[in-house]
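Undergrad: I need the structure of the sequence given here:
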Amino acid sequence: MTESTAGPVLFERAGNTAIITINRPKRKNAFDRATAYAMEAAIDRFDADDDLRVAVLTGTGDVFCAGQDIIAAGLGEIGTTERRGGGGIMKQPPEKPIIAAVEGFAVGGGLEVCLACDLIVASRTAQLGLPEAKRGLPAMGGGLFRLPKRVPYAIAMEIAITGTTWPASRFYELGLVNRITEPGAALAEARELAATIAAAGPVAVRASKAVVRDSGAWTDAESWVNQQPFVDQVLNSDDYLEGLNAFAEKRRPVWKGR
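TA: Predicted coordinates for the structure are as follows:
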């Protein structure tokens, strides 16, 4: 059931999945200030709801997101919030998993929104890139430091300093995009992927996301120490015992999320 049917960001619950939609098709789903704050509210709502285990983030129409609304920027209105940053998500993504479902263009801040997500599903006709350098600007929403963590250094550098846009199929080959679909099917595929995540133990999923997200900056020795609090959260949870019992009893687990 769709719970918000108007405004710059829509929020829908589909079982244990939240569908969050940027809803400014006439502005290519670009962010102004109101959209950024609406996105922050949607991400807050998703993180706070224990029944929601994963989110899918998409855009209305044939464009995922064109980044900052240039007209709004010309009026001094930047699409950012103090806490979650650009687009209401770039600086502080949700604690729970979120999947970008991309049709059309995800450029500039649009790609940076994707990089704030954990997984990306894209149509084979989608285009992704950081065109800021062509306009005499640096990408400021995390793209310059997140992209090199997810694709090879030379690729990230080329994208950053040439401002060229590449097809999603190339990013799939490089490992940035998880799944490629036919045009118009990215959201459906992302929802299937979300359902797989939602079926897993939510405490273990959150802990696993945290370790994978943060461990790139840890040495091997630090990793054993730093991951332990997250492991302990899982081992001390009701879901840990439920997972073991469900396996032994050959039944589907009933997760409590605690």
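Undergrad: all contacts plus neighbour counts: C-alpha atoms, from now on.
TA: OK.
Undergrad: I'd guessed residue 86 sits against residue 79; true?
TA: Yes: in this structure, residue 86 is within contact of residue 79 by Cα atoms under 8 Å, at 6.1 Å.
Undergrad: now for those two: what residues contact both?
TA: By Cα atoms under 8 Å, 6 or more residues apart in numbering, residue 86 and residue 79 have these common neighbours: residue 36.
Undergrad: looking at the two, which is more packed in?
TA: More neighbours surround residue 86 than the other of residue 86 and residue 79, with 29 against 24 (other Cα atoms under 10 Å).
Undergrad: may I see the buried residues of the lowest-mean-pLDDT helix or strand in the chain?
TA: Least confident helix or strand, the chain: helix 70-74 with a mean of 87, by mean pLDDT, DSSP states H and E. Buried residues in helix 70-74, counting neighbours by 16 or more other Cα atoms under 10 Å, are found at residue 70.
Undergrad: what is that helix packed up against?
TA: With contacts defined as 3 or more Cα pairs under 8 Å, 6 or more residues apart in numbering; DSSP states H and E, helix 70-74 has no helix or strand neighbours.
Undergrad: residues contacting the residue most central in space within the chain?
TA: Centrality entry for the chain: nearest residue to the mean C-alpha point is residue 117, 1.8 Å, by Cα atoms, centre = their mean. For residue 117, the contact set (Cα under 8 Å, 6+ apart) comprises 93, 97, 98, 99, 100.
Undergrad: where in this protein is pLDDT low?
TA: Applying pLDDT under 70 to the chain flags residues 1-5.
Undergrad: how about 50 then?
TA: Residues of the chain that meet the criterion pLDDT under 50 lie in 1.
Undergrad: that one: helices as residue ranges?
TA: Using DSSP state H, the helices of the chain run over residues 33-48, 70-74, 109-116, 143-150, 153-162, 168-174, 186-198, 202-214, 220-226, 228-235, 238-248.
Undergrad: what's the neighbour count on residue 149?
TA: 14.
Undergrad: report the contact partners of the residue nearest to residue 32 when sequence neighbours are not counted.
TA: Spatial nearest neighbour of residue 32, excluding adjacent residues (Cα to Cα, 6 or more residues apart in numbering): residue 79 at 4.1 Å. Applying Cα under 8 Å, 6+ apart, we find residue 79 in contact with 31, 32, 33, 34, 35, 36, 68, 69, 73, 86, 87, 88.
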